Structures are given as structure tokens and as C-alpha cells.
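1. Sequence plus the predicted model coming up.
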Number of protein chains: 2
Amino acid sequence: MKINILGCYAATPRSFTNPTSQVLEIQNNHFLIDCGEGTQVQLRRNKIKFSKIKHIFISHLHGDHFYGLVGLVSTFRLLNRETELHIYGPKGIKEIITLQLKLANSWTNFPLIFHELTSREPEVIYENSKVIVSTLPLKHRVYTNGFLFKEKEGDRKLLIDKAEEYNIDFSLYKSLKKGKDVVSEDGKLIPNYLVTADPQPPKSYAYCSDTVFDMELVPLIKGATALYHESTFLEDQAKLAFPTKHSTAKQAATIAKAAEVGTLILGHYSTRYHDIELFRTEASPIFSEIILADDGKEIIVE
Amino acid sequence: MKINILGCYAATPRSFTNPTSQVLEIQNNHFLIDCGEGTQVQLRRNKIKFSKIKHIFISHLHGDHFYGLVGLVSTFRLLNRETELHIYGPKGIKEIITLQLKLANSWTNFPLIFHELTSREPEVIYENSKVIVSTLPLKHRVYTNGFLFKEKEGDRKLLIDKAEEYNIDFSLYKSLKKGKDVVSEDGKLIPNYLVTADPQPPKSYAYCSDTVFDMELVPLIKGATALYHESTFLEDQAKLAFPTKHSTAKQAATIAKAAEVGTLILGHYSTRYHDIELFRTEASPIFSEIILADDGKEIIVE
């Protein structure tokens, strides 16, 4: 599981930082999560092939999370894309994009499929044979969702030496991987657990940006392999966090600890801070497994 | 008269070039012309103060000319701008911007005034005591205007030595600058031409992007001090220019020559070309006073 951070700074622009966007690579899917202005250039800089992106998830309709979307869609058109593009985001996103394509007289030559979200409850919004994606309702100034990306339980791991020892025909290996008991060539019933091992535990990634500090998130993201939780502020500006519906680094760490996640990735830093190490300093007494997101950083989660 | 080129490349994104945007500084006005994605970051990089921008002119609703507008407007809001912002552009631009502000629940705290354009004839769209701005109807795939920025005729230049020699009271100097004849202290009528000189000839800047080759432009931009004319292609791709409604460098030079402009600025280069000097090579046999636009370049026109 790999996360390419394309941008992880809050809205005020600077010449050297980017608003929110990241690519999650999980089970050969490349999911684009949020798409702030300049995302298409950041994709180029990070050498991520445009054609790999088939699903885009937009958390909310604040500009620093989606103003780059229409440009990316237009570029897909210029590049003669033919494959479907699915966009998941708050109701209204379809009108915004299609209005601009209409006025530019630039309809896409590929199927552009919007999945507009309105639910205040978690819901599954995408699923394939390997991965399932659900919403994480967040509390922000406008309707906002985080997203939970979960690998599905894989096949059991076949212990080939054992299978051979028990004289199991290799045509039955597939059944073994699926967890079934089988009959050996000499007619004995072989319980599955003797010749297989547990599969790799499925990994999961919870993306939570933007959100006020909200302990109701904890059960929804319990045990996630990695959690990206916004930390717009440090505690020195805690008084701003609640009214703007953002979180501090300490609050992000509190969520990570309560949810017993593997790794906490911090990001969405206010551009008032010039040293992001301060976010680690504040969060780490509460939760030690911290990675600081930064533009252009590639994060591998095991 | 100064032009800061923020971006001057056609639509396909690259990691090191920017779509169209430029700032014209003329008589203490800072006019932003077009606003492709990433313009706000380019303003920062080129150290142009956001607060100086009070008028934005958008040529047409193709993304590479305006996808950065909504982000810039949103940033003005974040920065607590209070002064009016005027946006001139094709009908539809108001709906695009206001829809996005509405869905983000982010109304501006400053007056945001749209001047939507629909005319196919040249028209004056802005005027103050020093400068007048008119549209230049262009032929492109969607409704498009170029813009002509003209200084107004200035006051006559007072020749102080002569005024003293003719015994003219200094309370009359203002009348002299306005071109009036005056009576000297010894009662003689002094014709204006004896004590003043012609003012600096007013400068003008014609911005023409995007457009097919169109000789009908020539009378509208006749004698402009500087002409920015798009040159998306070289003649090697001339067959693409007409169907896409763009121009070649040779065609831009042909317009510049016929219009007897002072300087031709080339830009809006297709990203298929890796050496923009080729545009100069092609255009200069026809018209010699050429400046190649490039991102971050400051062009002073005398």
C-alpha cells in the first residue's frame, strides 16, 4: 500500500506548496483522493501516469480540495482518454464540472460518471474483487466525507510442502486456498488448517480531511493500518480549530490512539507554520507512530 | 508599460510550464489578463501583490485561460480583501464562479462585479482617467475576445524656460498643459504652441489569444505599441491551425506587419515544441521586432 502525497497544505497559496491531493496505490488500484488546484501538474512531477487514474474521490467542495478537478478532466479529454472515469463527491460536483465543459464546448470523449454523495451515514461507494471503499462522514463547515479503503480478506496461504506431504492432488490447491477441507489421494479427509496458513491481514487506509476533532470517528476507523488525519493547527491555535471545524496535531493523535491505528499520517497544515516538524513534536507524546505528509513524499505502509 | 508573463503555453500540462495568464502594468493599473490554472501561485512566484489586481479580463472559457480564476477569487476572500474586484469575460463566467462559491458556502466579503460580454463588435468595457480598454472580437472555437489597452492622450508638455521668457504667471501653467492659449503678465496673447511641446504619444497593448489567422483584426490594432498574438503552431503544423482555430508564428508576424505595430510578442506555444526560438526564426523574416513570451518573463515596452 503506497500513498503519494501530491499536496498536503491548507488553502492559502504559496509558491512552493500545494493544496490537498494524494494517490493511494492499493491492490493495483490508483485512487486519486481530493484534487486541489495544480494537481495535474503535481501528477506530472511525481511521474504518475494519468491513465492509471480511474476513480477520483472528493471529500468536500472547498476549493483547496477540488479546484484542480475540472482541469484534470479537461486534460484527460485533450489526451484522448477513452476509459471510464468515476468521480465520487458531494452533490453539486456534477453541475460544477459539466457546466464548465458545456461553456467550453468541450464534452469528454470518455464516459464521465459521477457518484454524488448525500448520506450522513457511512456507506460503501465502490467495490471490486480486492478492495472496498466506504465513506467516513466528517464534521466540517460544509458536507464532507473521509474515505476508508479496505483490502478484502485474501486467500489462505498454501503450505506446499505440507500439501505434498499429505498427498493432496494439485487440482485441489485452489479449494485449499479458499479454506476448504479436501480428501487426499489416499482417501483421507485433510482439515484445511493442516496445510494452509492465515493470509496476510488485509490493510486499510482511512483518509480524514477536513474535520473538526470528533471521537465518533473512532469506531469507524478502528484498527486501520494507516490513518491520514488533518492537523491544520497546533494547540497554540486551538481556539481557531473548533470554529473553523479543523483539528490540531494533538487532537489527530488522540483519534489515532483511541482508534489503535498502525500509523498516523499528519497533513493539511496551515501555511502559517514554517516548520512542520512542530506537528510531530506535538502529536508524538500521545501517539508515536507518526509520518509527516509533505508534497512529493511517497509513503509506503506495510 | 510592463507585461509580466505568468504563463504562455497552450493547454496540455507539463511540470515546468504554465497556461495563459499575464499582468499588464499601465499607468499604475495592474490588469490581469486570462487566468489559467495555477495563476495565483504564479503571482506569488513573480512577487505581484494580490491587492493590486482590481480588474481581470478573461478572453474565453477554455480551461487554460480561466481555470485559475475561482481559486484566485477564493484566495482574495481568505486574505480578507475588501476592495472591489471586476471580472470581464464571456457570458457564463458569473454562473461558473458563483456556483462554486455557493456550493463551498463561501461568499466573498468584497464586491465581486461581473461584466459579461456577448457583443461580436469591439466595445469599450472599462475606462478611467488614464486608460481605456476595448474588446477585440476574435475568431476561435468558442466566443472569444482579445483586449486593447490604450493610454489616453496625456497633457501637453510645458516648456518652463519658454513660459518664463514669455512672462506667463504660473497659475496659468495648468491651462497651458491642457493646450489652451493664455495672456502673459504684460498683456500679450501667447499661442499655446510657443510654450508647450507634444505629449508622449499614448502607448497601447493589443492582446490577441486565442485566434485563427484573421486579417480583419488589422484595422482594430493598427499602430499598437505592442501586440501579443498567439502562435500555437509553427508552419509545420499549419494544417492544424485552421481547424483548431489557432495561428502559426508566420501568421502572427503577418498580422503584426500589416498592423504596423511596434513590437510583436509571441506566445501560447503548443507544448509539442521544445525550443521556442523556432517561433522567432519563423516569424522574423516577416516582422523583425519580436519578443518571445516565456513564463516569468518581464517585458518592458517603451
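-> Okay, I see it. Bear in mind that the values here come from a model prediction, so they are computed numbers and not experimental data. Residues are numbered from 1 along each chain as shown, chains lettered A, B, ... in the order given.

2. For the rest of this, base every contact and every neighbour count on C-alpha atoms.
-> Noted.

3. Check for me that residue A:64 belongs to a strand.
-> No. Using DSSP: H, G, I helix; E, B strand; the rest coil, the assignment for residue A:64 is helix, not a strand.

4. Leaving out sequence neighbours, find the closest residue to it.
-> Among residues not flanking residue A:64 along the chain, residue A:36 sits closest, at 4.7 Å (Cα to Cα, 6 or more residues apart in numbering or on different chains).

5. and the one you found, what does it touch?
-> A:7, A:18-21, A:63-69 (Cα atoms under 8 Å, 6 or more residues apart in numbering or on different chains).

6. Also residue A:55?
-> Residue A:55 makes contact with A:30-32, A:85-88 under the criterion Cα under 8 Å, 6+ apart.

7. do the same with residue A:29
-> By Cα under 8 Å, 6+ apart, residue A:29 lies in contact with residue A:52.

8. and it, how far is that from chain B?
-> Distance of residue A:29 to chain B, computed by Cα to the nearest Cα, to the nearest Å: 24 Å.

9. Not counting its neighbours along the chain, what's nearest the residue at the greatest distance from the centre of chain A?
-> The outermost residue of chain A relative to its centre, with distances by Cα atoms, centre = their mean, is residue A:186 at 48.7 Å. Leaving aside its sequence neighbours, residue A:186 sits nearest to residue A:167 (Cα to Cα, 6+ apart; 7.1 Å).

10. quick one: secondary structure of the one you found?
-> Three-state call for residue A:167 (three-state DSSP): coil.

11. what sits against it?
-> For residue A:167, the contacting residues are A:184-186, by Cα under 8 Å, 6+ apart.

12. now, which of these sits nearest chain B?
-> residue A:184 (59.9 Å; Cα to the nearest Cα).

13. Tell me how far that closest one lies from residue A:167.
-> The spacing between residue A:184 and residue A:167, counted by Cα to Cα, to the nearest Å, is 6 Å.

14. tell me which parts of the stretch 1-150 of chain A are close to chain B?
-> Taking Cα under 8 Å from any Cα of the partner chain as the criterion, the stretch 1-150 of chain A approaches chain B at residues A:11-15, A:37-38, A:40-42, A:44-45, A:61-64, A:67-68, A:70-71, A:74-75, A:78, A:92, A:96, A:99-100, A:103-105, A:142.

15. how does it look with 6 Å?
-> When proximity is defined by Cα under 6 Å from any Cα of the partner chain, the stretch 1-150 of chain A lies next to chain B at A:15, A:38, A:41, A:44-45, A:61-62, A:104.

16. among those residues, who's most crowded?
-> Using other Cα atoms under 10 Å in any protein chain shown as the neighbour criterion, residue A:38 leads the residues of the stretch 1-150 of chain A next to chain B with 28 neighbours.

17. Look up phi and psi at that residue.
-> phi 90, psi 0 (degrees, to the nearest 10).

18. Look at it and report its pLDDT.
-> Here the pLDDT value assigned to residue A:38 is 96.

19. quick one, what contacts it?
-> A:68, B:38 (Cα atoms under 6 Å, 6 or more residues apart in numbering or on different chains).

20. what about residue A:113, neighbour count?
-> Neighbour count for residue A:113, taken as other Cα under 10 Å: 13.

21. Would you mind listing the buried residues in the host helix or strand of it?
-> Assigned by DSSP states H and E, residue A:113 falls within strand A:112-117. Across strand A:112-117, burial judged by 16 or more other Cα atoms under 10 Å in any protein chain shown covers A:112, A:114-117.

22. circling back to that earlier point, give me the buried subset of the contacts of residue A:36.
-> Buried among these (16+ other Cα under 10 Å): A:7, A:18-21, A:63-69.

23. what separates residue A:224 from chain B, distance-wise?
-> Computed as Cα to the nearest Cα, the residue A:224 to chain B distance reads 30 Å.

24. Check the contact between that residue and residue A:204; I expect there is one.
-> Yes. Between residue A:224 and residue A:204 there is a contact under Cα atoms under 6 Å: 5.2 Å.

25. And these two? Which one has more around it.
-> Neighbours per residue (other Cα under 10 Å) separate residue A:224 from residue A:204, with residue A:204 holding more: 25 against 22.

26. pLDDT score assigned to that one?
-> Note for residue A:204: predicted pLDDT of 98.

27. Averaged pLDDT, stretch A:78-86. What do you get?
-> 95.

28. Please narrow the contacts of residue A:167 to those residing in strands.
-> Among the contacts of residue A:167, DSSP state E puts none in strands.

29. ok, those vs residue B:197, which is closest?
-> Nearest to residue B:197 out of the contacts of residue A:167 is residue A:184 (Cα to Cα; 111.1 Å).

30. Quick check: the closest one touching residue A:168?
-> Yes. Look at residue A:184 against residue A:168 with Cα under 6 Å: they come within range, at 4.6 Å.

31. neighbour count winner among these two?
-> The neighbour count for residue A:184 versus residue A:168, taken as other Cα under 10 Å, is higher for residue A:168 (22 against 16).

32. so who does that one touch?
-> Listed by Cα under 6 Å, 6+ apart, the contact partners of residue A:168 are A:184-185.

33. Go again with 10 Å.
-> Neighbouring residues of residue A:168 by Cα atoms under 10 Å, 6 or more residues apart in numbering or on different chains: A:160, A:162, A:176, A:182-188, A:190, A:195.

34. Same question for residue A:56.
-> By Cα under 10 Å, 6+ apart, the contact list for residue A:56 reads A:23, A:30-35, A:69, A:85-89, A:114.

35. Show me which of those is closest to residue A:291.
-> For the contacts of residue A:56, the nearest to residue A:291 is residue A:23 (16.1 Å; Cα to Cα).

36. Please, which helix or strand holds that closest one?
-> For residue A:23, the element it lies in under DSSP H and E is strand A:21-26.

37. now the helix or strand following that strand: mean pLDDT?
-> Where DSSP H and E defines the elements, the next helix or strand beyond strand A:21-26 is strand A:29-35. Average pLDDT, strand A:29-35: 98.

38. Strands of the stretch 201-302 of chain A, residue ranges please.
-> Under the criterion DSSP state E, counting those that start in this stretch, the stretch 201-302 of chain A contains strands at A:204-208, A:226-230, A:263-267, A:290-292, A:298-300.

39. how about those strands in TSV, adding distance to residue B:280?
-> Formatted as TSV, these follow (distance: least, Cα to Cα, whole Å):
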stretch	distance to residue B:280
strand A:204-208	50
strand A:226-230	49
strand A:263-267	46
strand A:290-292	47
strand A:298-300	41
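
40. Could you save those as CSV and add columns showing distance to chain B?
-> CSV is the format used below for the strands of the stretch 201-302 of chain A (distance: least, Cα to the nearest Cα, whole Å):
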stretch, distance to chain B
strand A:204-208, 18
strand A:226-230, 19
strand A:263-267, 20
strand A:290-292, 23
strand A:298-300, 18
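
41. Fine by me, thanks again.
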